[in-house]
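> test case, fold it:
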Amino acid sequence: MNGMVADTHVHIYPCYDFPAALASLVANLARLAAGEAVSAAFFTERHDCRAFASLQDGSLPAAGRDLEVRSLEEGAVLLATGGGAEVYLFAGRQLVTAERIEVLAVAMPADLPDGQPALKMVEAVLAAGGVPVIGWSPGKWSLSRGHVVRELLRRFKPGDLLLGDTALRPTPCPEPRLMREARRRGLAVIAGSDPLPLPREERLLGTYATVFQGPFDAAQPLESARRLLRSPAAVVGTRGARSSWPVFASRWSRLAFSRQIAT
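Have a look, this model is predicted:
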């Protein structure tokens, strides 16, 4: 098939209703793809989350929502099917650098430690065969951290580094300056849902996605996905929606309150 519609920032946290999370992901992506392209989801799991591995070894079954998940030959890819839809699921990690910047290691099954300087982290993801993405998050691209991100944009060529937009970024908020700079330098900006670690956020999975144009070989889904991710020209738009300002404020305040309770 030609083209891929992908949620490139997928979290499945322990607080989620897992069958509901998977069902939402498949249904929402199928709606966005509309049968015109392959649907895909790139897991970006924190150090304490192992949903992809648990799905892969069967310890976290998808039963109960008429969904089936099976492993594919390339190893770091699963195929979820149900309700007439199918979604390719790719392993990946969310890493936190020494500067507290988020680096998404997309389409990469290897584990890497948090806490390395940003430059070393991006280089480690590339060495492991993954696609490094600097993920936007409120406040994390400002002041000294903004300078770090800008330096990364200068050091890496298109295809070796991407920036990540998320459904959390409120609309009609202007596109951040660093995203505009990345585009000027030929680096791609990709989109994903990036749900928060709060109950009921799982329903947002697959609601904001990147549209890629180019061949996708079902016999080699991992290599096909990496090739599309590494080709800035393949990124042709987004589908879905970001949060409104009131929704952003509500979600962010709930997250802040949950962190206060935890401490």
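> could I get the buried residue list for stretch 109-123?
By neighbour count, with 16 or more other C-beta atoms under 10 Å as the criterion, the buried positions of stretch 109-123 are 109, 112, 116, 118-119, 121-123. In short, each C-beta sits where N, CA and C put it, glycine included.
> now stretch 96-107
By 16+ other C-beta under 10 Å, the buried positions in stretch 96-107 come out as 96-97, 99, 101-107.
> between the buried residues of stretch 109-123, which is nearest Thr210?
Checking the buried residues of stretch 109-123 against Thr210 with C-beta to C-beta, the nearest one is Val122 at 19.6 Å.
> pretty sure Ala91 contacts Glu74?
No - between Ala91 and Glu74 no contact is recorded; they are 10.2 Å apart, counting by C-beta atoms under 8 Å.
> more crowded one of those two?
Neighbour totals were compared for Ala91 and Glu74, and Ala91 leads with 24 against 15 (other C-beta atoms under 10 Å).
> residues contacting the more buried one?
The neighbours of Ala91, taking C-beta atoms under 8 Å, 6 or more residues apart in numbering as the test, are 43, 52-53, 76-77, 107-109.
> could you identify the most distant pair in those?
For the contacts of Ala91, with distances taken as C-beta to C-beta, the pair at the greatest spread is Ala53 and Ala107 (15.2 Å).
> what score does the residue lying closest to Gly130 once chain neighbours are set aside have for pLDDT?
Nearest non-adjacent residue to Gly130, counting by C-beta to C-beta, 6 or more residues apart in numbering: Met108, 2.7 Å away. Reading off the per-residue confidence, Met108 sits at a pLDDT of 95.
> confirm Met108 sits in a strand?
No - when classified by DSSP: H, G, I helix; E, B strand; the rest coil, Met108 is found to be coil rather than part of a strand.
> now do the contacts for it.
The contact partners of Met108, by C-beta under 8 Å, 6+ apart, come to 76, 91-93, 125, 128-131.
> just for the chain, where's the confidence low?
Low-confidence segments of the chain (pLDDT under 70): 61-65, 262-263.
> one more time with 80, if that's ok
1, 59-66, 260-263 (pLDDT under 80).
> for the residue most central in space within it, what are phi and psi?
The geometric centre of the chain, computed from its C-alpha atoms, lies nearest to His9 (C-alpha atoms, centre = their mean), at 1.5 Å. When quoted as degrees, to the nearest 10, the phi and psi of His9 stand at phi -150, psi 80.
> offset the numbering so it begins at 388, please.
Will do, 388 is the new start, and the previous item becomes His396.
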